[in-house]
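K.L.:
mind folding the following:
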Amino acid sequence: MATMDRDLPLTRALPMTPVQPRATLDDVARLAGVSAKTVSRVFNQPDLVGAVTAQRVQAAATRLRFRPNTLAQGLRRGGGTHTIGFVMGEFGNPFYYKLASGIEAEIAPHGHHLLLATTDDSAEGEARVVDAVLGQRVGALMIIPVAEDQAYLEGERQLGTPVISIDRDAVNVLADAVVLENHRIVHEATTRLLARGHRRIGYVCNPAGVSTQADRIAGFRAAMAEAGIADPSTWCRLSDDRDETPEAAVGGLLDSTDAPTAIITGNNRMTIGALRALRARGDESTALIGFDDFDTADVIGVSVITYDPIEMGRRAGRLAIERMSDPTGPPRRVVLPTWIVERGTGERRPRERRAT
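P.N.:
Residues are numbered from 1 along each chain as shown. Have a look, this model is predicted:
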């Protein structure tokens, strides 16, 4: 036992102290030598309090670690709070935290704070998560829709909570939206691959049922049809199965008897899965263009469809601020530009695989 003790890191346990009750508005008033009403005015109507008194109250509040209840303040005024909710997908996807960064940069100068919640890209969890966020009486709700229908938000919007959908259009709710030009850019990516001689071009995505993918798939199919390829389904994997990994989806396509010579992936997770599948097979001939840029894509030479996610977040934040100030008027839809960055994988010309 003594040997085990010597192997453990040496730490000195600090004695536990009783939890102290939080200071109240009355506590601050007593310490500052003013009335509770004066303390309330310092935090809610500072223009009505003299500078010297306000300074004394602030000093007392700091000493007592007093925090005003901003939620209660908003409810007393009959409205929401200075918090804006953002319901997004999974935290691990860089796309989402870049969006959040852009939103925060836009709303912070206006005195608003961002509350983040995640659906884990699950349609089943969307309404539950949104309900919890709305329970905080947020001043506006931003959402990346996952479920097929957002009609449950229309009542909240009519009660004065602006709804802004990001990346995907919300369905059956009058919401502002910030989206990407998905159809045009995937049409362009497909056309570039066709111009380099590819005829068997695949499109791989998961989930496939969301509106963004529907637009991208439509752009892909339109370009293929224009080239005389009416049905490219043989070379596509359009799935809504969360249990199928991106690597397995692309790998199954590469192992098929009539495998594509080029692939377009519908998001960054699928692109990374495609890279793993190609590497596992020693495949350096299949062309690849991925939707969404990602860290190290430039280092390993992956051609991507890209855009500015931080600007996307900023534009959404701007819509929220404007809609909170003026809730009237028809829904606004902002479409942000996308472009292709050629780094090597998307410029490969078709080369038939040797029989094994």
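K.L.:
who are the neighbours in contact with the most centrally placed residue in the chain?
P.N.:
Centroid-nearest residue in the chain, with C-alpha atoms, centre = their mean: Tyr96, separated by 3.0 Å. With contacts defined as C-beta atoms under 8 Å, 6 or more residues apart in numbering, Tyr96 is in contact with Met88, Gly89, Glu90, Thr118, Ile144. For glycine as for every other residue, the C-beta is placed from the backbone atoms N, C-alpha and C.
K.L.:
residues contacting the last one?
P.N.:
Read that as Ile144. Val87, Met88, Gly89, Tyr96, Leu99, Thr119, Ser165, Ile166, Asp167, Arg168.
K.L.:
on that earlier part again, pLDDT score assigned to the residue nearest to the centre of the chain?
P.N.:
pLDDT recorded at Tyr96 is 88.
K.L.:
just to revisit the earlier point, scan the contacts of Tyr96 and report the most crowded one.
P.N.:
Met88 (25 neighbours; other C-beta atoms under 10 Å).
K.L.:
skipping adjacent residues, who's closest to that one in space?
P.N.:
Nearest non-adjacent residue to Met88, counting by C-beta to C-beta, 6 or more residues apart in numbering: Tyr96, 4.5 Å away.
K.L.:
picking up where we left off before, assumed the residue nearest to the centre of the chain was part of a helix.
P.N.:
Yes. Assessed with DSSP: H, G, I helix; E, B strand; the rest coil, Tyr96 lies in a helix.
K.L.:
and the residue nearest to Ile143 when sequence neighbours are not counted, what are its phi and psi?
P.N.:
Spatially, and ignoring its direct neighbours in sequence, Ile143 is nearest to Val87 (4.5 Å; C-beta to C-beta, 6+ apart). Backbone torsions of Val87, given as degrees, to the nearest 10, read phi -100, psi 110.
K.L.:
quick one: Val87 from Gln150, how far?
P.N.:
Distance, Val87 to Gln150, by C-beta to C-beta, to the nearest Å: 11 Å.
K.L.:
mind listing the shared neighbours of these two?
P.N.:
Joint contacts of Val87 and Gln150 (C-beta under 8 Å, 6+ apart) are Ile143.
K.L.:
tell me which residues touch Glu154, please.
P.N.:
Asn172, Val173, Leu174.
K.L.:
for it, give me the pLDDT.
P.N.:
So, for Glu154, pLDDT stands at 90.
K.L.:
torsion angles phi and psi at it?
P.N.:
phi -60, psi -40.
K.L.:
ok, back up a step: so what's the residue nearest to Ile143 bridging to?
P.N.:
With DSSP bridges applied, Val87 shows beta-bridge pairing to Ala117, Ile143.
K.L.:
that's a helix at Gly228, yeah?
P.N.:
No. With three-state DSSP as the criterion, Gly228 is coil rather than part of a helix.
K.L.:
out of the contacts of Ile144, who's the most crowded?
P.N.:
Ranked by neighbours (other C-beta under 10 Å), these are led by Ile166, which has 30 neighbours.
K.L.:
sorry, back to before: mark which of the contacts of Glu154 are buried, thanks.
P.N.:
Val173 (16 or more other C-beta atoms under 10 Å).
K.L.:
with respect to Val138, which of the contacts of Glu154 is nearest?
P.N.:
The shortest approach to Val138 among the contacts of Glu154 belongs to Val173, at 15.6 Å (C-beta to C-beta).
K.L.:
what's the pLDDT at that closest one?
P.N.:
Reported pLDDT for Val173: 93.
K.L.:
now do the contacts for it.
P.N.:
Here Val173 is in contact with Gln150, Ala151, Leu153, Glu154, Arg157, Val163 (C-beta under 8 Å, 6+ apart).
K.L.:
quick one, helices of the stretch 151-300 of the chain?
P.N.:
154-158, 182-195, 211-226, 246-254, 268-280, 297-300 (DSSP state H, counting those that start in this stretch).
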